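# requesting a structural model of the entry that follows:
(one chain, ligands or ions: 1)
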Amino acid sequence: MSDVLIVGGGLAGLTSAILLQKNGYQVRLIEKKNYPFHRVCGEYISNEVLPFLESLDIGISGLGTSRINRLAVTSVSGKMLQADLDLGGFGISRFKLDHLLYQHAESLGVEFIFEKVIDLVFTEEKFKVSTSGNKVFESGIAIAAYGKRSNLDQKLTRNFFYKRSPYLGVKYHIKTDLPGNLIRLDNFQGGYCGVSKIEDDKYCLCYLSETANLKKYSGIPEMEEQVLFRNPHLRNLFKNSEFLFEKPEVINEISFEQKTLTENHLLFCGDSAGMITPLCGNGMAIAIHSGKILAESIMRFAKKGSDINRTALEQDYTLRWKKQFALRLKSGRLIQKLFGSTFVSDMAVYTLNQFPSLTESLVKKTHGEVFM
Ligand SMILES: Cc1cc2nc3c(=O)[nH]c(=O)nc-3n(C[C@H](O)[C@H](O)[C@H](O)COP(=O)(O)OP(=O)(O)OC[C@H]3O[C@@H](n4cnc5c(N)ncnc54)[C@H](O)[C@@H]3O)c2cc1C
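Down below sits the predicted model:
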């Protein structure tokens, strides 16, 4: 039995675990993979999280991360838009960042179990969580921080699981010679690709594509040749870079549907509560911020040693989550419609080039306020 049980050790789960453990809760976190590991992610993280990460004292500024303050967007045919990023961000690999947070959580006393959760039920005022290793754990509070889509969504019969999610994500680390302060988003038919610098003079190249693109070809290399390379900037990038992975990290079934924040007293955070489209480059910041908000709601309404006020806890978290993120997720879904087709992306780049203040306002809509 633990006070809080967290399923999933990405940025959302690790943030909640760290804050709750620091505040006297006994936290158990169950993660199906062993750290460190690569994830499909563009690895550009908005500066809104920097003060918070610095406050954790995990040495974030000594990691050789890159500072990013310029944005370039190219249309499918190669037309380019450039803009300053007011708030900006930095680049860091998930391999490094998640590992660092895991080590910090463990040093605080969070108990880690490296197994897959296969079932999770709420009964008699507590959660019972079963794992692939035939273990059963119990807790008063359970957080679902298991990412965009998991076996558990099906178990919990969450609505979005049954809707089409026709996207796949592909990621590489590369060495190339783009400016270190730039994040570039290159459109291609049915998707877009982001490239920006991370630590150790490496760059992260990550793209989101409609799954239909892959179905037309024999595999990822042929799809890249036939679809991505029609954008001349992408062709140059792929042809003139050194690829550091033997094969790319790939995920599919990416869904941007609205999701529920609580279900039968289970509390969702990070991508499992709602995922922003990757072109906004803010899923990591939202995962960290939602993990923090959830930990704070728990500290308010499930004080150690007293009864858990589940109704107040769920209302407080839902209200604060919606205030912070609902509009950003909606804007992300709308802005994504400007991407991924030749005509619309050409028009978008042309129009935004004429009206720089419109670009600034679109970027602002997807970024949040700096928080501690
Ligand atoms: C193509 C693409 C590009 C992106 N680019 C960016 C970007 O540049 N910047 C940005 O800020 N965001 C980006 N994002 C979004 C960002 O990656 C996510 O929003 C973020 O990782 C969410 O964190 P999380 O903690 O909610 O989930 P995750 O990081 O996915 O963590 C969930 C964890 O749960 C574990 N898990 C799942 N099921 C189980 C189970 N049954 N039992 C135990 N463990 C389980 C998984 O192994 C995983 O470690 C991108 C996303 C995609 C798809």
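
# got phi/psi on the closest residue to residue 188 other than its chain neighbours?
Of all residues not flanking residue 188 in the chain, residue 228 sits nearest, at 4.7 Å (C-beta to C-beta, 6 or more residues apart in numbering). Placement of C-beta: from N, CA and C, glycine included. Per-residue torsions, residue 228: phi -70, psi -40 (degrees, to the nearest 10).

# I'd say residue 228 and residue 187 touch.
No: between residue 228 and residue 187 there is no contact under C-beta atoms under 8 Å: 9.7 Å.

# among these two, which residue is more densely surrounded?
residue 187 (31 against 27; other C-beta atoms under 10 Å).

# list of residues touching the helix or strand the more buried one falls within?
Following DSSP states H and E, one finds residue 187 within strand 182-188. For strand 182-188, the surrounding residues in contact (C-beta atoms under 8 Å, 6 or more residues apart in numbering) are 44, 68, 70-76, 85, 89, 91, 178, 192-197, 207, 209, 227-228, 230-231, 233-234, 237, 279, 281, 339-340, 345.

# the following helix or strand past that strand to strand 182-188, inter-axis angle?
Note on strand 182-188: by DSSP H and E, the next helix or strand toward the C-terminus is strand 191-197. Between strand 191-197 and strand 182-188, the angle comes out at 160 degrees (axes from the mean of the first three to the mean of the last three C-alpha atoms, to 10 degrees).

# note down every partner strand of strand 191-197 and its orientation.
Strand 191-197 has the following sheet partners, assigned by DSSP bridges: strand 182-188 (antiparallel), strand 203-210 (antiparallel).

# among these, which is nearest the ligand?
Nearest to the ligand, of all the strands paired with strand 191-197, is strand 203-210, at 4.4 Å by C-beta to the nearest ligand atom.

# for the closest one, what is the average pLDDT?
For strand 203-210, mean pLDDT is 97.

# then stretch 288-298?
The pLDDT scores in stretch 288-298 average 98.

# who touches that stretch?
4, 11-16, 19-20, 23, 25, 48-49, 52-53, 141, 143, 145, 267, 269-270, 273, 313, 316-317, 320-321, 324-325, 368, 371.

# going through those residues, which ones are buried?
For the contacts of stretch 288-298, a burial check counting by 16 or more other C-beta atoms under 10 Å picks out 4, 11-16, 19-20, 25, 48-49, 52-53, 141, 143, 145, 267, 269-270, 273, 313, 316-317, 320-321, 324-325, 368, 371.

# give me the subset of the contacts of stretch 288-298 touching the ligand.
11-13, 145, 270 (C-beta under 6 Å from any ligand atom).

# my read: residue 141 touches residue 309, true?
No: with contact defined as C-beta under 8 Å, residue 141 does not reach residue 309; the gap is 11.5 Å.

# which residues of the stretch 251-372 of the chain fall in helices?
Along the stretch 251-372 of the chain, counting by DSSP state H, counting those that start in this stretch, helices occupy 283-301, 310-321, 327-336, 342-354, 356-366.

# do the same with the stretch 51-200 of the chain
94-108, 151-155.

# and residue 318, how many neighbours does it have?
Count around residue 318 with other C-beta under 10 Å applied: 16.

# a markdown table please, covering the strands paired with strand 191-197 and showing distance to residue 81.
Listed next are these as a markdown table, based on distance: least, C-beta to C-beta, whole Å:
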| stretch | distance to residue 81 |
| --- | --- |
| strand 182-188 | 9 |
| strand 203-210 | 18 |
